[in-house]
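Asks: the following block contains a protein sequence and its predicted model.
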Amino acid sequence: DVSDFQIVVEGERVKDQVPAVFETIHLHFIVKGNVESDKLTRAINLSMEKYCSVAKMLEKTAKITHSFEIKN
């Protein structure tokens, strides 16, 4: 049971370049509820590696990382 879900996104852009494309992007998933860590890890990995077309486009120019925390 998930009672709250947030994603905090941070990124860095290439400096002194136009357009200033992203070179790093980090997504931090915050999930509140009774969630199993291994199932959340699998869901995030599937999302990032298979289902998210935006991540697939951006990974060609930016290093994309992610992390998560579970709050009860």
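Replies: Looks like it arrived, so ask away. Quick caveat: nothing in here was measured; it's all calculated off a predicted structure.

Asks: for whichever strand or helix holds residue 40, buried residues please.
Replies: According to DSSP states H and E, residue 40 maps onto helix 37-46. For helix 37-46, burial by neighbour count (16 or more other C-beta atoms under 10 Å) applies to 40, 44. Just so you know, the C-beta spots here come from the backbone N, C-alpha and C atoms, and that holds for glycine as well.

Asks: where does residue 57 land in three-state SS?
Replies: Classification of residue 57 by DSSP: H, G, I helix; E, B strand; the rest coil places it in helix.

Asks: likewise for residue 18?
Replies: Under three-state DSSP, residue 18 comes out as coil.

Asks: rounded mean pLDDT for the helix holding residue 40, please.
Replies: Averaging pLDDT along helix 37-46 yields 96.

Asks: what is that helix packed up against?
Replies: Under the contact criterion of 3 or more C-beta pairs under 8 Å, 6 or more residues apart in numbering; DSSP states H and E, helix 37-46 touches strand 22-33, strand 63-71.

Asks: just checking, what packs against the longest one?
Replies: In terms of contact count using 3+ C-beta pairs under 8 Å, 6+ apart, strand 22-33 is assigned the packing partners strand 2-13, helix 37-46, strand 63-71.
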